[in-house]
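1. pasting the sequence and the predicted model now:
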Amino acid sequence: MKLKYRQIHLDFHNSPLIYNIGENFEPEKFAEIMKKANVNSVTFFAKCHHGMSYYKTKVGKMHPALKKDLLSLAVEYLHKEGIDCIAYISVGWDEYIAYENPDYIEITPEGKLSTSFLESRWKKICLNNRKYIEYIHKQTEEILKNYNVDGIFFDIVFQNECVCKRCVYDMVEKGLNPEVKEDRIKFKKIVEYNFLKETFEFVKKIRPDVKIFFNSRLRIGMEEEFDFYTHFEIESLPTGGWGYNHFPIMAKYFQTQNKDFLGMTARFHLSWADFGGIKNKEGLEYEIFTIIANGGKCSIGDQMNPDGTLEEEVYDLIGSVYEKVKKIENYYERVKPYAEIGVLSFKEPSGEKYDAIEGTARILLETHNQFQIITEDSDFKKYKLLILPDYYLIGEKLKKKINDYLKEGGKIILSYDSGISENENKFAIDLPLKFIEKSKFIPDYFKFIVDLPYKSKYVMYNPGNIVECEKGKVIAKIIKPYFNRNWRHFSSHFQTPYEKETDYPAIILGNNFAYIWAPIFSTYINYGYWIYREIVDYLIKNLIERKIEVKNLPPNSYLYYSEGENSGIISIIYYPHQRLNKRIDVIYSEGIAENLEVLLNDKKIENIEKLYGEGEVEIEKNKIKVKKVKGFSSIFVNFK
């Protein structure tokens, strides 16, 4: 079920106190604006977070000020222009229901309403409430039967650790203890899974042809839910709290699945409902080009004014960006993102474990490596190299899978505790490594003992492990400080200076493995020390031959490579983002890189076509020379 490339996610959340809802909505003009902006799919509100419906409902509560069926008009006029219309239904937040039935609201483990009636935010409805589920299903049914929508977008589909009467009773019935956090989390997952499964089957029974998506749920390691989605929508507003690292990480995970996905950003300067806040062109271009380059379709969020009008300046901006997508999307439809490195992630990582994944992604993006985020359920054989960042302890099942992968020629990079058994302090993987103890030095320092251009002594801001290596080349050794800094003894402003070299290895390189003694990836995302990036890139270069390499491209620009049958696309993106204020990173301009060389190591190039970008592009054997990149460059390659 193919997604359209150029979508709008149109919010419309309105208090019942607003008096002129949809008063100036002109469906023909609405559809014309969308068409002019090169939009080919719109997610249009049916029911909002306030619980208000924007169609003639016999089940829910139509907004008291609404005098026309907005959903009906949107479907009719969008379809006339060949534009899809997806119906939006808010699930977990419903202010109308919360006031009508306050017993539907989730109860926290402390015995309080999840949201007080004195707070200016929506109340969270318990999804273990049978009456509310039936209410949602009846609303969905009347939309599917009465309106020719192309799909359903269910929003706010999650459950917290609710201890309302129903949840407590059902937990006890299942042998779970509502007083124990782990049992509450286990039960909330059961509630979520049951809602997804039941609702998906309910929709498909009525309209097998429609697209179905459940929002607020996407995370690494959610394979058990995949069957309940026709596609994935990665909500990721860089300036709205998600940051610029979030989308690439999620895209690198979801591109491994055999389903379409889109990236959803927004036109707002900040986040949702930022009325009067309009993103600048360079920021929106960067976000959209990044989505395309990662194999996704595009969605830009907006919110219609209460009176039913759109900001035409906003759609001029959207149209200018989507015009560029329109010219190249057919080429990107022919290829899939290529990866030769698999980054093994925990399922639903958080805290330091997510830091490790984020740090790995940043290093690989900055060194222009092609990678994907995978879990222990993935097929390791697809990748030349696995990276297990920092904290991945090994159980028996994973031990066998990794050992089999290594026997068949795979390579691996381990750092800190990764590779160590989850049951005892020794390495579980068949490698010549022996764990001794945790380093007692705070901090550790290290020095390279091989011929590299890095001659100084370098700090590792978080301490590592003491290990021995029976076989392999020691690349760097640990240097100890004079003493650990505390109130009894400290020296100067910050960490204690280094004293002398130890015999302990810091970095080890073998024929099929590399080991880094410290949590380098989580430390990188917290400190951004450039030498950590250079270490990882050096190890990768010595373990595998990369299919694609680039020269003269700065680390704050990105190279994405996708491949199809006898063809490929090279996407180069350079829009520097900076923290120039106290709240968000901003992109003010396109970056410029010159005299780039892109090497395709195992391919014979027949010809190339520049899809987008400035500067001349030419072939020299298996090398592509790019004279200039300004912001975004896209090159289609045909192979012999």
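-> Thanks, I have the structure now.

2. avg pLDDT for the lengthiest helix in the chain?
-> Secondary structure of the chain read by DSSP state H shows that its longest helix is helix 181-206. The average pLDDT within helix 181-206 is 98.

3. following the chain past that helix, name the next helix or strand.
-> Once helix 181-206 ends, the next helix or strand along the chain (criterion: DSSP states H and E) is strand 211-214.

4. which residues does that next one contact?
-> The contact list for strand 211-214 (Cβ atoms under 8 Å, 6 or more residues apart in numbering) reads 1, 3, 86, 150-154, 157, 196, 199-200, 203-204, 228-233. Heads up, the C-betas are built off the backbone N, CA and C, glycines and all.

5. which strands or helices does the longest helix of the chain pack on?
-> The helices and strands touching helix 181-206, judged by 3 or more Cβ pairs under 8 Å, 6 or more residues apart in numbering; DSSP states H and E, are helix 130-146, helix 165-173, strand 211-214.

6. ranking the ones you listed by burial, who's on top?
-> strand 211-214 (a mean of 23; mean count of other Cβ atoms under 10 Å).

7. how about the strands in the stretch 351-500 of the chain?
-> For the stretch 351-500 of the chain, the strands defined by DSSP state E, counting those that start in this stretch cover 371-374, 385-388, 411-415, 433-438, 444-448, 458-460, 465-469, 473-481, 498-509.

8. identify the residues contacting Q7.
-> In this structure, Q7 makes contact with V39, N40, S41, V42, T43, L262, K297, C298, S299, I300, judged by Cβ under 8 Å, 6+ apart.

9. how about 7 Å then?
-> V39, S41, T43, L262, K297, C298, S299 (Cβ atoms under 7 Å, 6 or more residues apart in numbering).

10. from those residues, which single one is nearest D209?
-> When those are ranked by distance to D209 (Cβ to Cβ), S41 comes first, at 14.9 Å.

11. re earlier: tell me which of the contacts of strand 211-214 fall in helices.
-> Per DSSP H, the contacts of strand 211-214 map to helices at L196, T199, F200, V203, K204.

12. count the neighbours of the first one for me.
-> Which is L196. Other residues near L196 come to 21 when the count uses other Cβ atoms under 10 Å.

13. so what's the closest residue to it other than its chain neighbours scoring on pLDDT?
-> Nearest residue to L196, sequence neighbours excluded (Cβ to Cβ, 6 or more residues apart in numbering): F228, at 4.3 Å. Here the pLDDT value assigned to F228 is 98.

14. circling back: would you mind listing the buried residues in the longest helix of the chain?
-> For helix 181-206, burial by neighbour count (16 or more other Cβ atoms under 10 Å) applies to 183-184, 187-188, 190-192, 195-196, 199-200, 202-203.

15. what's the angle from that helix to helix 130-146?
-> Our comparison of helix 181-206 with helix 130-146, counting by axes from the mean of the first three to the mean of the last three Cα atoms, to 10 degrees, yields an angle of 30 degrees.

16. grab the most central residue of the chain for me.
-> Geometric centre of the chain, nearest residue: M250, 2.3 Å, by Cα atoms, centre = their mean.

17. TSV for the ones in helices among the contacts of strand 211-214, including distance to Y524?
-> What follows is the ones in helices among the contacts of strand 211-214, written out as TSV (distance: Cβ to Cβ, whole Å):
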residue	distance to Y524
L196	36
T199	41
F200	39
V203	43
K204	44
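
18. list phi and psi for I449.
-> Backbone dihedrals for I449, given as degrees, to the nearest 10, come out at phi -120, psi 10.

19. just checking, the residue nearest to L196 touches F202?
-> No - counting by Cβ atoms under 7 Å, F228 does not reach F202; the two are 11.1 Å apart.

20. before we move on, the earlier item: which of the strands of the stretch 351-500 of the chain sits closest to E76?
-> Across those, the minimum distance to E76, taken as Cβ to Cβ, is reached by strand 371-374, at 41.5 Å.

21. in its sheet, what does that closest one sit against?
-> Using DSSP bridges, the strands paired with strand 371-374 are strand 341-344 (parallel).

22. what's the strand it pairs with in contact with?
-> Counting by Cβ under 7 Å, 6+ apart, 357, 360-361, 364, 369-374, 376, 378, 380, 383, 385-389, 392 sit against strand 341-344.

23. for stretch 379-397, same thing?
-> 339-344, 346, 352-353, 356-357, 359-360, 401, 405, 408, 410-422, 428-429, 519, 521-522, 540, 543-544.

24. what about that stretch, average pLDDT?
-> Stretch 379-397 comes out with an average pLDDT of 97.

25. can you lay out the buried residues of helix 181-206 as TSV showing distance to G243?
-> What follows is these, written out as TSV (distance: Cβ to Cβ, whole Å):
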residue	distance to G243
D183	33
R184	29
F187	31
K188	26
I190	31
V191	29
E192	25
F195	29
L196	27
T199	31
F200	31
F202	36
V203	33
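
26. for Y19, what are its contacts?
-> A65 are the contacts of Y19 under Cβ under 7 Å, 6+ apart.

27. model confidence score at it, please.
-> Note for Y19: predicted pLDDT of 97.

28. over to R334?
-> We note a pLDDT of 97 for R334 in this prediction.

29. quick check on it: phi, psi?
-> According to degrees, to the nearest 10, R334 has phi -90, psi 0.

30. isn't it right up against G564?
-> Yes - taking contacts as Cβ under 7 Å, R334 lies within contact range of G564: 4.6 Å.

31. these two: which is more packed in?
-> Set R334 next to G564 and count neighbours by other Cβ under 10 Å: G564 wins out with 17 against 14.

32. now the more buried one, nearest residue through space, not along the chain?
-> Leaving out its chain neighbours, G564 is closest to V335 (Cβ to Cβ, 6+ apart), at 3.9 Å.

33. residues touching that neighbour, list them.
-> S562, E563, G564, S567, G568, I569.

34. make CSV out of those and add distance to E142 and secondary structure.
-> Output for the contacts of V335, formatted as CSV (distance: Cβ to Cβ, whole Å; DSSP: H, G, I helix; E, B strand; the rest coil):
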residue, distance to E142, secondary structure
S562, 42, strand
E563, 45, strand
G564, 43, strand
S567, 46, strand
G568, 47, strand
I569, 44, strand
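
35. now, of these, which are buried?
-> S562, E563, G564, S567, G568, I569.

36. export those as TSV, with columns for pLDDT and distance to A266.
-> Shown next, in TSV, are the buried ones among the contacts of V335 (pLDDT from 0 to 100; distance: Cβ to Cβ, whole Å):
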residue	pLDDT	distance to A266
S562	98	25
E563	97	31
G564	96	30
S567	97	33
G568	97	31
I569	98	26
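
37. the residues you listed: which two are farthest apart?
-> S562 and S567 (9.2 Å).

38. would you confirm that I413 contacts A514?
-> Yes - counting by Cβ under 7 Å, I413 touches A514, with 4.7 Å between them.

39. the closest residue to N465 other than its chain neighbours: what's it in contact with?
-> Nearest in space to N465, with sequence neighbours left out and distances taken as Cβ to Cβ, 6+ apart, is W517 at 5.3 Å. W517 is in contact with G464, N465, V467, I478, P505, A506, counting by Cβ under 7 Å, 6+ apart.

40. cutoff 10 Å now
-> 414-416, 439, 444, 446, 460, 463-467, 476-478, 504-508 (Cβ atoms under 10 Å, 6 or more residues apart in numbering).
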